[in-house]
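Novice: Whatever this is, show me its structure:
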Amino acid sequence: MPRRTRTKSQPEALLPLLTPKLPQTIDRRTNSGESMEKLFERIKQGGEERRKFRERRATPRVVVSLALETRDGDQTMRLVTNDLSTFGLSIAGGRTPKKGSKLQLKLFLPDEPTDPLLLEGEVLGPLDANGGVRVKFINPELEVMRRIHKLVK
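Specialist: The predicted structure is shown next:
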(Lines give C-alpha, C1' and ligand atoms only; values in the text may rest on other atoms or scores of the structure.)
Protein backbone atom coordinates (compact mmCIF):
# COMPACT_ATOMS: atom_id res chain seq x y z
CA MET A 1 0.00 0.00 0.00
CA PRO A 2 1.50 3.34 -0.97
CA ARG A 3 2.30 5.80 1.77
CA ARG A 4 0.35 9.04 1.69
CA THR A 5 2.22 12.23 2.10
CA ARG A 6 0.68 15.37 3.45
CA THR A 7 0.37 18.41 1.32
CA LYS A 8 0.45 22.05 2.31
CA SER A 9 -3.29 22.36 1.70
CA GLN A 10 -4.01 20.39 4.86
CA PRO A 11 -4.91 22.29 8.08
CA GLU A 12 -1.53 21.65 9.73
CA ALA A 13 0.14 23.77 7.08
CA LEU A 14 -2.17 26.69 7.95
CA LEU A 15 -1.40 26.59 11.67
CA PRO A 16 1.45 29.14 11.63
CA LEU A 17 -0.80 31.59 9.78
CA LEU A 18 -3.60 31.26 12.35
CA THR A 19 -1.58 31.67 15.53
CA PRO A 20 -1.36 35.24 16.79
CA LYS A 21 1.99 36.95 16.81
CA LEU A 22 3.21 37.71 20.31
CA PRO A 23 3.93 41.37 21.01
CA GLN A 24 7.57 42.26 21.16
CA THR A 25 8.68 42.72 24.76
CA ILE A 26 11.50 44.82 26.06
CA ASP A 27 14.15 42.94 27.98
CA ARG A 28 14.54 45.04 31.13
CA ARG A 29 17.73 43.23 32.08
CA THR A 30 19.61 44.89 29.24
CA ASN A 31 18.67 48.35 30.48
CA SER A 32 21.58 50.75 30.28
CA GLY A 33 20.92 52.04 33.79
CA GLU A 34 19.65 55.37 32.47
CA SER A 35 16.32 54.98 34.28
CA MET A 36 18.10 54.33 37.60
CA GLU A 37 20.15 57.48 37.12
CA LYS A 38 16.94 59.43 36.48
CA LEU A 39 15.36 57.92 39.60
CA PHE A 40 18.33 58.88 41.79
CA GLU A 41 18.30 62.41 40.34
CA ARG A 42 14.57 62.74 41.04
CA ILE A 43 15.09 61.54 44.64
CA LYS A 44 17.96 64.03 45.17
CA GLN A 45 15.67 66.83 44.00
CA GLY A 46 12.97 65.77 46.46
CA GLY A 47 10.73 64.14 43.87
CA GLU A 48 8.40 61.36 44.91
CA GLU A 49 8.32 57.73 43.87
CA ARG A 50 6.07 57.36 40.82
CA ARG A 51 5.55 53.62 40.98
CA LYS A 52 2.39 52.30 42.58
CA PHE A 53 2.85 49.71 45.29
CA ARG A 54 0.13 47.20 45.97
CA GLU A 55 -0.84 46.20 49.48
CA ARG A 56 0.72 42.83 50.28
CA ARG A 57 -1.00 42.23 53.59
CA ALA A 58 -3.36 39.30 53.99
CA THR A 59 -5.44 41.33 56.46
CA PRO A 60 -5.72 45.09 56.87
CA ARG A 61 -3.71 47.19 59.30
CA VAL A 62 -5.94 49.54 61.28
CA VAL A 63 -4.74 52.70 62.98
CA VAL A 64 -6.09 52.26 66.50
CA SER A 65 -5.04 53.27 70.02
CA LEU A 66 -5.44 50.36 72.42
CA ALA A 67 -4.08 49.83 75.91
CA LEU A 68 -1.16 47.42 76.04
CA GLU A 69 1.05 46.09 78.83
CA THR A 70 4.45 44.48 78.53
CA ARG A 71 7.16 43.60 81.01
CA ASP A 72 10.71 44.87 80.98
CA GLY A 73 12.50 42.85 83.62
CA ASP A 74 10.44 43.25 86.80
CA GLN A 75 8.80 46.48 85.62
CA THR A 76 5.41 46.57 83.86
CA MET A 77 5.13 49.15 81.10
CA ARG A 78 1.75 50.51 80.04
CA LEU A 79 1.77 51.56 76.40
CA VAL A 80 -0.65 52.44 73.60
CA THR A 81 -0.73 50.80 70.18
CA ASN A 82 -0.21 52.81 67.02
CA ASP A 83 -1.83 50.27 64.71
CA LEU A 84 -3.01 46.67 64.75
CA SER A 85 -3.45 43.82 62.28
CA THR A 86 -4.31 40.17 62.74
CA PHE A 87 -0.61 39.26 62.72
CA GLY A 88 1.07 42.14 64.55
CA LEU A 89 1.02 45.67 65.91
CA SER A 90 3.14 48.74 66.33
CA ILE A 91 3.74 50.95 69.34
CA ALA A 92 4.59 54.64 68.88
CA GLY A 93 7.22 56.34 71.02
CA GLY A 94 9.26 54.86 73.82
CA ARG A 95 12.41 52.84 73.57
CA THR A 96 12.92 50.27 70.85
CA PRO A 97 13.97 46.81 72.02
CA LYS A 98 16.60 44.96 70.01
CA LYS A 99 15.39 43.33 66.77
CA GLY A 100 14.43 39.70 67.42
CA SER A 101 13.67 40.31 71.11
CA LYS A 102 10.68 38.43 72.49
CA LEU A 103 7.92 40.34 74.29
CA GLN A 104 5.05 39.14 76.47
CA LEU A 105 2.07 41.36 75.69
CA LYS A 106 -1.32 41.98 77.27
CA LEU A 107 -3.58 43.65 74.72
CA PHE A 108 -6.86 45.17 75.90
CA LEU A 109 -9.56 45.11 73.21
CA PRO A 110 -12.78 47.13 73.48
CA ASP A 111 -15.02 44.05 73.13
CA GLU A 112 -13.87 42.72 76.55
CA PRO A 113 -11.68 45.34 78.26
CA THR A 114 -11.33 43.29 81.47
CA ASP A 115 -10.14 40.17 79.61
CA PRO A 116 -6.84 41.09 77.89
CA LEU A 117 -5.34 38.99 75.12
CA LEU A 118 -2.11 37.30 76.15
CA LEU A 119 0.33 37.32 73.25
CA GLU A 120 3.96 36.59 72.58
CA GLY A 121 5.57 38.90 70.06
CA GLU A 122 8.88 39.31 68.28
CA VAL A 123 10.38 42.74 67.65
CA LEU A 124 10.76 43.42 63.91
CA GLY A 125 12.46 46.77 64.34
CA PRO A 126 11.83 50.43 65.07
CA LEU A 127 8.59 52.08 64.00
CA ASP A 128 10.18 55.35 62.88
CA ALA A 129 12.94 57.82 63.74
CA ASN A 130 11.14 58.83 66.95
CA GLY A 131 11.34 55.34 68.42
CA GLY A 132 8.54 52.91 68.91
CA VAL A 133 8.53 49.33 67.77
CA ARG A 134 6.96 46.99 65.20
CA VAL A 135 5.95 43.59 66.60
CA LYS A 136 4.76 40.39 64.96
CA PHE A 137 2.72 37.88 66.93
CA ILE A 138 4.23 34.44 67.49
CA ASN A 139 1.79 31.53 67.28
CA PRO A 140 -1.28 33.30 68.67
CA GLU A 141 -4.17 31.12 69.78
CA LEU A 142 -7.11 30.81 67.39
CA GLU A 143 -9.54 32.63 69.70
CA VAL A 144 -7.05 35.49 70.11
CA MET A 145 -6.76 35.82 66.33
CA ARG A 146 -10.55 35.76 65.97
CA ARG A 147 -10.98 38.62 68.44
CA ILE A 148 -8.31 40.73 66.73
CA HIS A 149 -9.64 39.96 63.25
CA LYS A 150 -13.16 40.92 64.35
CA LEU A 151 -11.82 44.33 65.37
CA VAL A 152 -9.68 45.05 62.29
CA LYS A 153 -11.97 43.84 59.50
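
Novice: Report the buried residues of whichever strand in the chain runs longest.
Specialist: The residue-count maximum for a strand in the chain (DSSP state E) belongs to strand 75-85. By neighbour count on 16 or more other CB atoms under 10 Å, the buried set for strand 75-85 is 79, 81-85. Every residue, glycine included, has its C-beta placed from N, CA and C.

Novice: One more: stretch 109-118?
Specialist: So, applying 16+ other CB under 10 Å, buried residues of stretch 109-118: 109, 116-117.

Novice: For it, measure first residue to last.
Specialist: Stretch 109-118 has an end-to-end distance of 11 Å (criterion: CA to CA, to the nearest Å).

Novice: what's the average pLDDT for it?
Specialist: The average pLDDT within stretch 109-118 is 90.

Novice: Can you list the neighbours in contact with that stretch?
Specialist: 66-67, 69, 104-108, 140, 144, 147-148, 150-151 (CB atoms under 8 Å, 6 or more residues apart in numbering).

Novice: Quick check: Lys38 is in a helix.
Specialist: Yes - assignment of Lys38 by DSSP: H, G, I helix; E, B strand; the rest coil places it within a helix.

Novice: And for it, the neighbour number?
Specialist: Per other CB atoms under 10 Å, the neighbour tally for Lys38 reads 11.
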